[in-house]
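*Asks:* Okay, sequence plus prediction incoming.
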Amino acid sequence: MKILIYGTTDAGYMGARILSEKHDVTILTEAAQLPERFVNLDISFISGSGADIAALEQAEAIHADIFVACSSLDEANIVACWTVKRIADIETICFVHHMPLYHNLLLPEQNRYRTAYDIDTVIWPEQLLTQDIFRIISVPEAVDVEFFAHGRIKLFEYRIREDSEIRDRRIMDCTFPKDVLIVGVTRENKLFIPTGATVIELNDKVVFMGTDPALNRLTARFFQNNSPLRKILIIGGGSVGFLLAQQLEETGLRVTIIEHERERCVFLADNLKKSLVLHGDGTDLDLLENSAIEDIDAAICVTDNDEKNLLCSLLIKQISTCRIITRASNANTAVLFDRVGIDVVVSPQDAALKDLLNHVQARAIDVLALIEGGQGEVVRLTVPAGFERRKVADLCFKARAVIGVIQRGRQFIIPNGETIVQPGDRLKIFTMSTDVDVIRAMFSA
């Protein structure tokens, strides 16, 4: 597949890095040369604007399958998508970062005025990040949560603490609830697929996959937090803070927001029904202490500045034992946040990348989730008609992978070695991102 990406932002880099492994990727940007981090990627480069027909023609947009506009300017992305539609019948994916633009592009009323120049897909990373944080909040001890099949199948990721019952034990020696599998382990920021002999160590992040009831039993037995969430502190009243406060209000939680811009505080106070809005700086220790932070159950730092989010998180850790969820827009800072002990690190780029890959990947294989910044993936594929029925234990994987779920009609099966895989089954497989093509080839028609 030929993919044309306009913009060298973090989203452009992450998309190019992963997509170039399987597709023909060209980067279009106004800069005279590519940023250094792009240099080692297997991509083509054109210097020019996404709104310049000559540059688009030079990039052979007419032969491209997908155009991704992810520059730092929303308006430039929108115009680029409209422009490329003038010269090619191409699928367009447009990144935006402002709520009004997102809503205007997706208004139902626009269906009355459909044209050949309409943008096919609009990705708002901040909205996707909000959804990720809300899912994580819903499972108090988890560091990552993903829902599949309308919530019937879930993925929970937990960090192993000193008092964990499964610390320093082999996986084969642990008794987990039926219909639960360990599909991945992250140790020192490196994700791998374990075996039964793998020993679970302190600070490992263990990825479990299973049915909703089974994971609830797992949580109750091994990762139960006996103090339910009641009070949430949000630092940063931008799009993510506002959207998150709205959702948390609906669940009955008490929300306090600290926002440093007075005009934004007025907006928040006018548009939130129950949340307490404080005008101030999240790095102000006196303000934090006076906000009764010792009674907070979770603090969520979601300003648009990574350094400020980290400082706020570290200050909160000094005066509270609450759970801390912190936004990191840069992959390198995300690793740093994890190393200094931030409970959960979330990224709008990771959220957006998963959505982007879902639109790019062939229909035979869908990316359902990205784990640890894209090191691992949960992919969905269908077993072809000519596939020979066999037990899971008899499948000869050429790369490390775990079949987490088999969907057979309306039935969801968490398999073991004796489970039969047969034509028509829809599989949810956890594997390393570098091995997706190998796994897909096993189930090709």
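*Replies:* Cool, got the structure.

*Asks:* what ranges do the helices span in this structure?
*Replies:* 10-19, 53-58, 74-87, 99-106, 125-137, 212-222, 239-250, 262-271, 285-290, 306-319, 331-339, 348-360, 436-442 (DSSP state H).

*Asks:* contacts for the second one?
*Replies:* Put plainly, it is helix 53-58. Leu4, Leu28, Ile46, Ser47, Gly48, Ser49, Gly50, Thr83, Val84, Arg86, Ile87, Ala88 (C-beta atoms under 8 Å, 6 or more residues apart in numbering). Yep, even glycine has a C-beta here, placed from its N, CA and C like the rest.

*Asks:* do stretch 435-445 as well
*Replies:* By C-beta under 8 Å, 6+ apart, stretch 435-445 touches 22, 364-365, 377, 379, 381-387, 395, 397-401, 427, 429, 431.

*Asks:* Please name the residues that touch Glu259.
*Replies:* Gly236, Gly237, Gly241, Cys265, Leu268, Val277, Leu278, His279, Gly280.

*Asks:* per-residue confidence for the nearest residue to Ala59 once chain neighbours are set aside?
*Replies:* Leaving aside its chain neighbours, Ala59 sits nearest to Ile46 (4.4 Å; criterion: C-beta to C-beta, 6 or more residues apart in numbering). Looking at Ile46, its pLDDT reads 94.

*Asks:* go on, Asn225?
*Replies:* 65.

*Asks:* Hmm, Asp355 is touching Gln127, no?
*Replies:* No: checked against C-beta atoms under 8 Å, the pair Asp355 and Gln127 is beyond contact range at 9.8 Å.

*Asks:* the strands in the stretch 51-200 of the chain, which residues?
*Replies:* 66-69, 91-95, 121-123, 142-148, 153-159, 169-170, 180-187, 190-192, 199-200 (DSSP state E, counting those that start in this stretch).

*Asks:* From these, pick the one with the highest average neighbour count.
*Replies:* Most buried of these, by mean neighbour count (mean count of other C-beta atoms under 10 Å): strand 66-69, with a mean of 27.

*Asks:* Show me the contact partners of that strand.
*Replies:* 1-7, 12, 15, 50, 61, 76-78, 80-81, 84, 88, 90-95, 356, 359-360.

*Asks:* Quickly list what the residue nearest to Ala59 is bridged to.
*Replies:* Beta-bridge pairing for Ile46 (DSSP bridges): Leu28.

*Asks:* Can you verify my assumption that it contacts Leu28?
*Replies:* Yes: with contacts counted by C-beta under 8 Å, Ile46 reaches Leu28, the gap being 4.9 Å.

*Asks:* what sits in contact with each of the two?
*Replies:* Ala55, Ala59.

*Asks:* Between those two, which is the more surrounded one?
*Replies:* Leu28 (29 against 18; other C-beta atoms under 10 Å).

*Asks:* Give the ranges of residues in this protein that sit below the confidence cut-off.
*Replies:* Of all residues in the chain, those with pLDDT under 70 make up the ranges 107-117, 225-228, 361-366, 445.

*Asks:* Now the spatially most central residue of it: closest residue in space that isn't a chain neighbour?
*Replies:* Nearest to the geometric centre of the chain sits Ala351, at 3.1 Å (C-alpha atoms, centre = their mean). For Ala351, ignoring the flanking residues on the chain, the nearest one in space by C-beta to C-beta, 6+ apart is Leu128 at 3.6 Å.

*Asks:* Bridged to Thr186, which residues?
*Replies:* Leu191, Lys205.

*Asks:* wait, the residue nearest to Ala351 sits on Gln349?
*Replies:* No: counting by C-beta under 8 Å, Leu128 stays clear of Gln349, with 9.8 Å between them.

*Asks:* Looking at the two, which one has more neighbours?
*Replies:* Gln349 (26 against 18).

*Asks:* Contact partners for the residue nearest to the more buried one when sequence neighbours are not counted?
*Replies:* Spatial nearest neighbour of Gln349, chain neighbours left out: Asp10 (5.0 Å); criterion: C-beta to C-beta, 6+ apart. By C-beta under 8 Å, 6+ apart, the residues touching Asp10 are Ser329, Asn330, Ala331, Gln349.

*Asks:* List the contacts of Ala399.
*Replies:* Thr431, Met432, Asp435, Val438, Ile439.

*Asks:* Outline the domain layout of this protein.
*Replies:* Split into domains by automatic domain parsing, the chain comes to 2-123, 231-350, 357-442.

*Asks:* Take those domains and lay them out in a markdown table including distance to Ala214.
*Replies:* Shown next, in a markdown table, are the domains of the chain (distance: least, C-beta to C-beta, whole Å):
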| stretch | distance to Ala214 |
| --- | --- |
| domain 2-123 | 31 |
| domain 231-350 | 23 |
| domain 357-442 | 7 |
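
*Asks:* With respect to Tyr158, which of those lies nearest?
*Replies:* Closest of the domains of the chain to Tyr158 is domain 231-350, at 10.9 Å (criterion: C-beta to C-beta).

*Asks:* Now do the closest one: distance from first to last residue.
*Replies:* Using C-alpha to C-alpha, to the nearest Å, one end of domain 231-350 lies 27 Å from the other.
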